[in-house]
Every structure is written in C-alpha cells, then in structure tokens.
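J.: Sequence first, then the predicted structure:
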Amino acid sequence: MKKIKIILFIISLFFLPAQSLRAENVTILYTGQTHAMLYPCSCPIRQDGGVARRATLIKQLRKKDPQLLLLDCGNFSAGGLMDEYTQSTQLDMQRSEINFKSMELMHYDAVGIGSDEFNFGKDFFLKNAKKTGPAYLSANLGADKVSAYIIKDSQGVKVGIIGLTDLEAQQKTEGLKISEPKKIDELIKSLKKENVQIIVLLSTLGEQKDLKLISEVNGIDVLFTGQNPLKEDSLTKVDNTFLLRPFWQGRKLGKLTLEVKDGKLIDCKIEELPLSDEIPDDAVISAILPRCYTDSNCRKDGSVGSCQNPGTLKSRCSFKALNKVDLLIITAKDCAVCDEQPVIDSLKKKFPGLAIKYLYYPDQKAKSRIAKLSLPGLPAYIFGKEIEKEEKFSAMKNDFLQVADAYVLKPQIGGLAYFPERKIKPGNLDLFLSLFDKDAAQLLAVTEEFKPGLHFLAQETNDGFSAKGGKLEVEEYLRAACIQKYYPQEFWSYLTCRARNINSSYWEDCLGGVDQDKLKSCARGQEGINLLRENISLSNELKIMFGPAYLLDNREIFSSRGVPQKEELKKILKR
C-alpha cells in the first residue's frame, strides 16, 4: 500500500502547473512623455532618439521574444509647454498625426492618455485614436475609443494594463469628462477575480499623485509615470510597487523584465537602450516621415542646414558650408571648478562653425593676453573682429565687450571661476550666503566642518545697506557682525539657530549668557556699520549678488544650486 502512495505522488509532480515550478520572465518595452519626438534630438553631443530607430530596435527585440509587451504611458503628442520642438499649430498637429501612425506601425499593445493628447482638442485625439491600432487606455476618462484597461497574456502570465489621465486635460478642451481615480481599487479587485496576476498602471497624474495612489491602493505591481521629465532615477520601489520613469523624448527605449513566480511579481530589472546612430532607420517608418520639420532636423558635418517645405513628404534639407568662427578660450590649468562646455554649447547654437583654441594660465602667452585685454577673471571667451560679419552677431552684440581688436564675452554672460591675480591661500574657503534663503540652515550644517569665512549678501547704499529681505535682513546682519566680534564662539550656532526660524523676532532665544545690551548698542551704532561693511567687502569686490557661492583658495569661485553634498565639497577641496 505504501508503494502505491509513493508512485501516485511521483506521478502527480508531472501534472503540476509549469509556473509553480519555475519563474516566468515577462518583458515590457516602454516609452512615455515623447512629445511626438519623431527625429533624433538636436543635442550637441549624442543625437539619440527618433521613431525610425525605435521601430528597428523593437523589431529586433520581438524576434528574440515574440510575446513581449510594448507600452507608452502618455503625453506622446506635440505642442504644449514641454515640447521644446513646438512650431505652429498646423505643423504640431501634423507631427502628432505621424506619431499616432508610427505607434500603430510599431504595434504598441497599449497607450496611456495624457493631457497633451488634447492640445488640439478632443475631436483631434478621438479622430486619430479611431484610425490607429493601439489600445488607448484611461479608467477616469469618459470618451469613445477609450478603454479603462486591457488584459494581455505573456509567457502564460495574465497582465492587466490600466490607464489614468491627469485632470489638467479638462482645461484644454470642452466636453471632456475626467474623474478622480477613486475607483481604481475596485477595478484592480475585479481584474484579480479574472485571474489577472500582474497589474500595470500607465499614469499621467504626476509623480506626487502617483505616490499618493500607491500608498492608498493595494495591488499595483508596476506604475509607469508619464509626467516627470526631471528625475534621473529610472526605477524606484515604493512599498510593493515598482515605479518606472520613461526616458525623456524617447531618446532611449526602456526594457523591463518582470520575474513572476506562482503568479506573483518577485523582482524586476530594467535596461536603458539608447537609440543611437548605430541603429539603422526602419524603412516602413521612414516612408511616412517628412525629411524635416525644422532646420535642426537638417544636420551634416561642416554645413548648416535649412528645412524647405517643412512637415510634408516634399520637405527637403538644403545645406551650405559653415563660416569658420575662431574662438580663443583662456582658462587655468589648475582650476577645479572651471567648466567651459555649457558656454561653448550655447555659442555653437549661434555660431555653428565655431573653431576653438585654448590658452592655459599661467603659461606666458596666456598671461600676456590677460594683461593686454585687462581680463578680470577666467575662463575668458575671445573672438576676433571677423565675428562682426556673422548674421547673429548683431542680435547679441551687447553680450560682448570690445577691447582693442577683440570681442570678449562679458563675465555676466560667460561666468567667472578663477581670478589669476588674487593671492593664493591654500585650503581657504569663503561662503557667501543669505540667511533668508530657505536652505540656509541646511547649508550651514553641511559646511560647518570646513570652517569657511562667512560673508552676508548685502550691499552698501547711500542710505545705509540693502538686502533681498529688506530692513529685517540688514538688521540681522548688523547684529550677527557684532556677535562675530564679541562672541565668536557663539557665532555659528547663532546663525544656524536663526536660519531655522528667520522670521521670528525673538533672536535672543538663539543666544545664551551674553550681554544683549552690548550687542544692541553695537548693532545700532557706527561700530555695527563698520563691521558689516568689512564683512561684505569681499562679496562686493567680487560682485557676488546671489548665493550660495564659494571662494576656494582665494582664487576659484563657484556656486551651487541649493545645498551641495558634503562629499562634493570634500572632492573639490582635496582636488
């Protein structure tokens, strides 16, 4: 009898469902917030992207995995605030129509709907949605040709795909009914009853609302957020949900691999697949693409292109040789914070034929040119008089100083990072800040260990002093300058305390065991004026108007957007 039981048990193993014995891998290719970017971007370094390259890569990947899913989470139309290639309404509509057709030819399984899909009205969207093949999804948008969800089978795994549209779409067109996504949890429960194993959400609500939704609704396995161009991280796990951020303007194709075991999502991994010029254009997509929409679509080394008959199949590019424009850049060999590339990129847009040469301080040729042109700091951007012949020079002539036979880009345009004539003080760090900035307390906490010299952002006027925060800020600095003189050991803690609650009038709460009458007498008299004048003398000398800014070794100056990481500062200081 025992033998029979053993035999039956062994035989039963062969009849267990396959997915209970091994994990299945489901592949999802995804895009989003492409804004009808039909062509590779006109970026100065890597011209990635373009629907023809995307189609080629998708075909290659489908040959390896015919059951992969292809999704777009929305905001795929041209026009609107986020479309940097927007032109006229007519050309933007043409570009959007071609993008609709391109997604059909690439056989997208499902496409989310964002507010940009209504840049040209509800009828424009519905007309094109009816003509083209993908499933257009939105669970909170009431419109024909729009479904709340679809169910797809991949590798034996049932995947439910739901769409959600941001409420801003209602402001773009009349007659559009969009509801709050309150009933999404009921839809998920309904899909689970249909044995759907993985729930994927295509959302254009915006990331803050997406995060709120994840916290309130159970069962969302993967959420693609289609309205967040600034985040760098492509993947974040929030509770039990994987939140994916598609790549801006479709410059990369996202590949998501889901590991599913016993019908549950175990893990996932992503790959970023750049759409580089190594990928050939797909012939089918190329056949429906106009040659160009703008001059930026016409590129050829050594030439400047212009687009003729833009946005039509008769469009063509005409080219003419670039005028060579010589640019001399003088910078410092040992400058840790000099970065000329952003200025170069900007100048190349005006003068595509830019030919760049460098001189490096303290080489003698650099010193000689600095003295001849009386340059206040580096990097310096110097053009010869031949720039006067350039078509775009007249429009930006006020950005230059004419010195002898040269045109020098003004420091307020090109920026200064290095002062060659200042005496070097190795390891010295000065910090220029306003206590009234919202990040002031955090900035003081990050920089305290470096013991910087502190300089307040105020200016002396005929009537006394001025600062961004008005009279209250000036009074704060007069008081702080007196504290620095008489109670230097309390200075840093006082500033940190005040920065945390700068609008409070109870400044005394940030001091302990000091002679407050003495401080008030100092701050209200000539002594306070002299001390503050001394404190701000360096910022006035260097013409620093905004912060936070930093002076390193008494020679190199740089700024930060908000509060820098402590490790970043350490790296600069150690260079």
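T.: Done, it's in. Numbering: from 1, shown residues only.
J.: For Ser394, give its distance to Ile387.
T.: Distance of Ser394 to Ile387, computed by C-beta to C-beta, to the nearest Å: 11 Å. Every residue, glycine included, has its C-beta placed from N, CA and C.
J.: Over to Asp65?
T.: Taking C-beta to C-beta as the measure, Asp65 falls 55 Å from Ile387.
J.: contacting residues for Thr447?
T.: Residues near Thr447 by C-beta atoms under 8 Å, 6 or more residues apart in numbering: 429, 431, 569.
J.: before we move on, what SS does the second one have?
T.: The assignment at Leu431 comes out as strand when based on DSSP: H, G, I helix; E, B strand; the rest coil.
J.: How many residues are close by it?
T.: Residues contacting Leu431 under the criterion other C-beta atoms under 10 Å number 18.
J.: ok, for it, nearest residue in space, not its chain neighbours?
T.: Nearest non-adjacent residue to Leu431, counting by C-beta to C-beta, 6 or more residues apart in numbering: Pro452, 4.0 Å away.
J.: Just list the residues touching the one you found, thanks.
T.: By C-beta under 8 Å, 6+ apart, the residues touching Pro452 are 429-431, 550.
J.: are any of these buried, and which?
T.: 429-431, 550 (16 or more other C-beta atoms under 10 Å).
J.: For those, please prepare TSV with the additional fields pLDDT and distance to Arg422.
T.: Output for the buried ones among the contacts of Pro452, formatted as TSV (pLDDT from 0 to 100; distance: C-beta to C-beta, whole Å):
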residue	pLDDT	distance to Arg422
Leu429	95	14
Asp430	96	11
Leu431	97	17
Tyr550	95	14
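J.: buried set for stretch 402-421?
T.: Neighbour counts over stretch 402-421 (16+ other C-beta under 10 Å) mark 406-409, 411, 414-420 as buried.
J.: Met545: which element?
T.: If you go by DSSP states H and E, Met545 is not part of any helix or strand.
J.: Equivalent analysis for Leu265, please.
T.: strand 264-274.
J.: could you point out which element follows that strand?
T.: For strand 264-274, the following helix or strand on the C-terminal side (DSSP H and E) is helix 283-286.
J.: So which elements touch that next one?
T.: Applying 3 or more C-beta pairs under 8 Å, 6 or more residues apart in numbering; DSSP states H and E, one finds that helix 283-286 makes contact with helix 51-64, helix 89-105.
J.: If we use 6 Å, what do you get?
T.: In terms of contacts (3 or more C-beta pairs under 6 Å, 6 or more residues apart in numbering; DSSP states H and E), helix 283-286 is packed against helix 51-64.
J.: Can you give the contact residues for the helix it packs on?
T.: 38, 102, 106, 253, 275, 279-282, 285-286 (C-beta atoms under 6 Å, 6 or more residues apart in numbering).
J.: out of those residues, which are buried?
T.: In those, the ones that pass as buried (16+ other C-beta under 10 Å) are 38, 102, 106, 253, 275, 279, 281-282, 285.
J.: For those, give me a markdown table that also has pLDDT.
T.: Formatted as a markdown table, those follow (pLDDT from 0 to 100):
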| residue | pLDDT |
| --- | --- |
| Leu38 | 94 |
| Ser102 | 96 |
| Met106 | 97 |
| Leu253 | 95 |
| Leu275 | 94 |
| Ile279 | 95 |
| Asp281 | 95 |
| Asp282 | 96 |
| Ile285 | 95 |
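J.: Closest to Ser303 out of those?
T.: Asp281 (20.3 Å; C-beta to C-beta).
J.: Now the closest one: closest residue in space, sequence neighbours ignored.
T.: Among residues not flanking Asp281 along the chain, Ala52 sits closest, at 3.6 Å (C-beta to C-beta, 6+ apart).
J.: Which one of the contacts of Pro452 is nearest to Lys300?
T.: The closest of these, once distances to Lys300 are taken by C-beta to C-beta, is Tyr550, at 42.8 Å.
J.: Can you tell me the element the closest one falls in?
T.: In this structure, Tyr550 sits in strand 549-552 according to DSSP H and E.
J.: what residues does that strand touch?
T.: Outside strand 549-552, the residues that touch it by C-beta under 6 Å, 6+ apart are 429-432, 557-559.
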